[in-house]
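J.: Predicted model and sequence follow; I will ask about them next.
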Amino acid sequence: MMSGSWGLAAATSNWVGRGRIAATTSQNIRIPGVGRPGKERGDENIVAWPELKRAGILNWLCDDPCERRYWTNIFDQLVEGRINTWDYQWLFAMWCQNGLSVVPSENLVSNIGFGPDATHTRSDNLMARLPTKDVWEIRHPSFVVRHKEADKYEFDYAFGGRKLRGVYGALRVIRRFLRSKQGSCVLLM
């Protein structure tokens, strides 16, 4: 998949702009400038998720346990009908086909679909109304492979991975403490 959005990793990283390549590749999605996928392109209701979850697909796709928990929660909510969106289904379909996104080194489109009148993204965010640049020269990378560092950076900063790791880490410490005090009365204030 190719999109016009350069993604958070490209916006703040040193491997794209300083590397002077036209784009990097990612297993994550870049939505601005890309229309809703047709039903023929993927599993709109992600009916395959329960089976793929049991098979451990996220163990293969996500090295980070925190990221696996995040996407498991997202896909579980989609199956249960608790999230009204289409982009996660696109990501799911892309992952099922071992697809990659091409991420340009410059932002080519600006997403203006944020704000109180928006369908889904009612609050402003870092990706709202990014400045755009023209493409004057296209320089292609020598090879196409997933850029794991870019994906990790994107998860950490666009999807809140750093904060989630902090929360999960704190919960692990509390859980260990409570297990060590099993059988005794512990009062938490």
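T.: Sure, I can see it. Numbering: from 1, shown residues only.

J.: average model confidence for the top helix by length along the chain?
T.: For the chain, the longest helix by residue count, based on DSSP state H, is helix 161-180. The average pLDDT within helix 161-180 is 79.

J.: could I have that helix exported to CSV, CA atoms only?
T.: Coordinates of the C-alpha atoms in helix 161-180 are reproduced here as CSV (Å, rounded to 0.1, in the frame of the first residue of the first chain):
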residue,chain,number,x,y,z
GLY,A,161,3.3,2.4,23.3
ARG,A,162,5.7,4.3,25.6
LYS,A,163,2.9,5.2,27.9
LEU,A,164,1.4,1.8,27.8
ARG,A,165,4.7,0.2,28.7
GLY,A,166,4.9,2.5,31.7
VAL,A,167,1.4,1.5,32.8
TYR,A,168,1.9,-2.2,32.2
GLY,A,169,5.3,-2.0,34.0
ALA,A,170,3.7,-0.3,37.1
LEU,A,171,0.9,-2.9,37.1
ARG,A,172,3.5,-5.7,37.0
VAL,A,173,5.3,-4.3,40.0
ILE,A,174,2.0,-3.9,41.9
ARG,A,175,0.9,-7.4,41.0
ARG,A,176,4.3,-8.9,42.1
PHE,A,177,4.0,-7.0,45.4
LEU,A,178,0.5,-8.2,46.0
ARG,A,179,1.5,-11.8,45.2
SER,A,180,4.4,-11.6,47.6
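
J.: what residues does that helix touch?
T.: By CB atoms under 8 Å, 6 or more residues apart in numbering, the residues outside helix 161-180 that reach it are Asp64, Cys66, Glu67, Arg69, Tyr70, Lys152, Phe155, Asp156, Val186. Any C-beta I mention is one placed from the backbone N, CA and C, and that applies to glycine too.

J.: Please export the C-alpha coordinates of stretch 56-70 as CSV.
T.: Extracted C-alpha coordinates of stretch 56-70, given in CSV (Å, rounded to 0.1, in the frame of the first residue of the first chain):
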residue,chain,number,x,y,z
GLY,A,56,-0.6,-16.5,17.6
ILE,A,57,-0.3,-14.3,14.5
LEU,A,58,0.6,-11.3,16.6
ASN,A,59,3.6,-13.2,18.0
TRP,A,60,5.0,-13.2,14.5
LEU,A,61,4.0,-9.6,13.6
CYS,A,62,4.8,-7.8,16.9
ASP,A,63,8.0,-8.4,18.8
ASP,A,64,6.9,-6.3,21.7
PRO,A,65,4.5,-7.9,24.2
CYS,A,66,2.9,-4.5,24.9
GLU,A,67,2.2,-4.0,21.2
ARG,A,68,0.7,-7.5,21.0
ARG,A,69,-1.7,-6.6,23.9
TYR,A,70,-2.6,-3.4,22.3
